[in-house]
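Asks: Okay, predicted coordinates and the sequence, questions at the end:
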Amino acid sequence: MPEITKPEKFYITTPIYYVNDKPHIGTAYTTIAADVLARFYRFSGTPTFFLTGTDEHGSKIERAAKAAGKTPEEFTHEMSAKFSFAWNSLGIAPDDFIRTTEKRHERAVIQFLELLKKSGKVYEGEYQGLYCVGHEAFLREGDLDANGLCPDHKTKPELLKEKNWFFKLSDYGQILEERIRVGEFIIEPESRRNEIIAFIEQGLEDVAISRPNVKWGIKVPWDQSQTVYVWVDALFNYISVLGFPEGEKYKQFWPADVHIVGKDITRFHCIIWPALLEAAGIPWPKKVFAHGFFTINGQKISKSLGNVIDPNDLVAKYGADTVRYFLLREIPFGQDGDFSLEKLAARYEGDLANGLGNLFSRLTTLIANNLDGHLPDMVHSPRSFDEVDEMLQEFRFHEALARIWEEVAWANKYIDETKPWESAKKNPKLFEEVISNLVALLYEVAKKLAPYMPETAEAIRSGLSAERVAKAEPLFPRLEK
RNA sequence: CGCGGGGUAGAGCAAUGGCAGCUCGCAAGGCUCAUAACCUUGAGGUUGGCGGUUCGAGUCCGCCCCCCGCAACCA
């Protein structure tokens, strides 16, 4: 039997989501995966802390609030609530939800910055770049059109110098590479790890950690004219939520066992974040896992293409468990994939309605019609598939789900071969044996499925543990097209 | 010479150098417990191209073609 790793605690995070946009299918994906892991560890008895939240500072938010005719406070409050709502309707149950505008966060960030300052790795410098007034932001040369103009505003950007506080990231290349290579700091999948190592080997440049012209942010404690750059502010959420530096939770749960991130933000999490922690004398997270991105019908997700999918719409039609199942079954975590409503419908009909749902109906009807709803004696599951636990712990969700569905197929075949509708009359003893095996298998399936599809697992368990088992309502009813 | 991922049946994917498989779809048959569901069988392949290594290449090497991301202050 595969060995299940049982850590003494498990701390897992998602990125905190920038509230200039509402939740979409991509952010849901990350958060669902984290929830599945958290449910698994919680269920296995490991003290677990699962964190998500929202990132609410920065000039983009200031602008978005203004455009919506709201104060930043009102705006971020409303947007943040949309994330909580979406996660709740997807069956996602974090242990805490951090907002970077909360006092507990701001206090901790300030203490962290003071530690950084003391490290001697922070200095005052000048950033020089091409500033677009329309964007209120610096552009890179590659962003400009053929005439050297801002592609959005068709204006010529000004060469502007700006005072910033800088962090000496350039001092940390060696220790980063070393810890990554010896496996003290784990980056998965391997392709991302290789990218990060290659990037470090090019040589790291110092990075600005403050902005002079952004009002909506946390003030740099030693320089009230500047606010903390949003990504420093944001990264520290993983620790501020635990009550850094004195909180009980901080002592119990830090360092994080895994930060789950999208592949776009691996550099922040694999280079800047550990370097900042090192400077402040704080332990590094143990692992960063970068999942892939998916396209919608083969196209990049983008607002201008109008192909953004709201997870709430999917939940309304298919239910939370289906969305959770589909995203983790369809796309190998860590790789890129494609999302489409057609694929979702195919999985719903094939795997869920025709597969698991129909199997459950077959079984409950047999019990209700032939045993008056009373289960025969319990037996051990005729099939063992504990390897799915290992797959889950290694983020191989799609393999684990495929493995569980092998058992669904096995059970359907077992019913066809043993013909319980015949033995019910001719050979009650054989009938009871077949039913016992199927019940035990379904319990095992429900147990393994619980982290992924909590409602479905519960429906199977409660359906089979009723005083008198009745013909079940379809778990996944056929839908109008 | 920027970096990375990919090209295998109609679609989507899998194969430590050893008989090229899986799911969906399609065709035929079986079953009647079940949500028109389930089970069995079958058809369908020049593994992007050319060359090389090898007893043997989807897999290793070289060149080429095509698709998709990313390219540090983007959460």
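Replies: Cool, got the structure.

Asks: Which parts of the stretch 51-200 of chain A are strands?
Replies: Per DSSP state E, counting those that start in this stretch, the stretch 51-200 of chain A carries strands over the ranges A:96-99, A:122-132, A:137-139, A:158-167, A:186-188.

Asks: Can you report how many residues lie near A:Thr30?
Replies: Neighbourhood size, A:Thr30 [other Cβ atoms under 10 Å]: 20. Backbone N, C-alpha and C define where each C-beta goes, glycine included.

Asks: With adjacent residues omitted, what lies nearest to it?
Replies: Leaving aside its chain neighbours, A:Thr30 sits nearest to A:Thr14 (5.0 Å; criterion: Cβ to Cβ, 6 or more residues apart in numbering).

Asks: between the strands of the stretch 51-200 of chain A, which gets the lowest average pLDDT?
Replies: Mean pLDDT is lowest for strand A:137-139 among those, at a mean of 65.

Asks: Report the contact partners of A:Lys163.
Replies: Residues counted as contacts of A:Lys163 (Cβ atoms under 8 Å, 6 or more residues apart in numbering) are A:124-127, A:212, A:226.

Asks: just how off-centre is stretch A:389-403 within its chain?
Replies: The chain centroid and the centroid of stretch A:389-403 are separated by 15 Å, computed with Cα atoms, centre = their mean, to the nearest Å.

Asks: Would you confirm that A:Leu160 contacts A:Glu126?
Replies: No - counting by Cβ atoms under 8 Å, A:Leu160 stays clear of A:Glu126, with 10.2 Å between them.

Asks: TSV please, covering the strands of the stretch 51-200 of chain A and showing distance to RNA strand B.
Replies: Shown next, in TSV, are the strands of the stretch 51-200 of chain A (distance: least, Cβ to the nearest atom of the strand, whole Å):
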stretch	distance to RNA strand B
strand A:96-99	12
strand A:122-132	5
strand A:137-139	6
strand A:158-167	7
strand A:186-188	13
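
Asks: and the residue of the stretch 51-200 of chain A nearest RNA strand B?
Replies: In the stretch 51-200 of chain A, the residue that lies nearest RNA strand B is A:Asp55 (4.2 Å; Cβ to the nearest atom of the strand).

Asks: Run through the bridge partners of that residue.
Replies: A:Tyr18 (DSSP bridges).

Asks: quick one: which of the contacts of A:Lys163 has the most company?
Replies: Counting by other Cβ under 10 Å, top hit in these: A:Gln226 with 23 neighbours.

Asks: what's A:Trp410 in contact with, if anything?
Replies: So A:Trp410 contacts A:383, A:441 (Cβ under 8 Å, 6+ apart).

Asks: how about stretch A:225-241: buried residues?
Replies: Buried positions in stretch A:225-241, judged by neighbour count with 16 or more other Cβ atoms under 10 Å: A:226-241.

Asks: distance between the ends of that stretch?
Replies: In stretch A:225-241, first residue to last residue: 26 Å (Cα to Cα, to the nearest Å).

Asks: does any part of that stretch sit near RNA strand B?
Replies: Yes - counting by Cβ under 7 Å from any atom of the strand, RNA strand B is contacted by stretch A:225-241 at A:229-231, A:234-235.

Asks: just for chain A, where's the confidence low?
Replies: Along chain A, the model assigns pLDDT under 70 to residues A:1-5, A:132-155, A:302-306, A:480-481.

Asks: which residue lies farthest from the center of it?
Replies: A:Lys426 (52.2 Å; Cα atoms, centre = their mean).

Asks: Now do the same contact list for the residue of the stretch 251-400 of chain A found nearest RNA strand B.
Replies: Nearest to RNA strand B, among the residues of the stretch 251-400 of chain A, is A:Gly357, at 1.8 Å (Cβ to the nearest atom of the strand). Shown in contact with A:Gly357 (Cβ under 8 Å, 6+ apart): A:474-476.

Asks: before we move on, what about A:Leu115?
Replies: A:Leu115 neighbours (Cβ under 8 Å, 6+ apart): A:279-282.

Asks: Please produce JSON lines containing those residues, extended by secondary structure and distance to RNA strand B.
Replies: As requested, the contacts of A:Leu115 are arranged in JSON lines below (DSSP: H, G, I helix; E, B strand; the rest coil; distance: Cβ to the nearest atom of the strand, whole Å):
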{"residue": "A:Ala279", "secondary structure": "helix", "distance to RNA strand B": "16"}
{"residue": "A:Ala280", "secondary structure": "helix", "distance to RNA strand B": "16"}
{"residue": "A:Gly281", "secondary structure": "coil", "distance to RNA strand B": "20"}
{"residue": "A:Ile282", "secondary structure": "coil", "distance to RNA strand B": "16"}
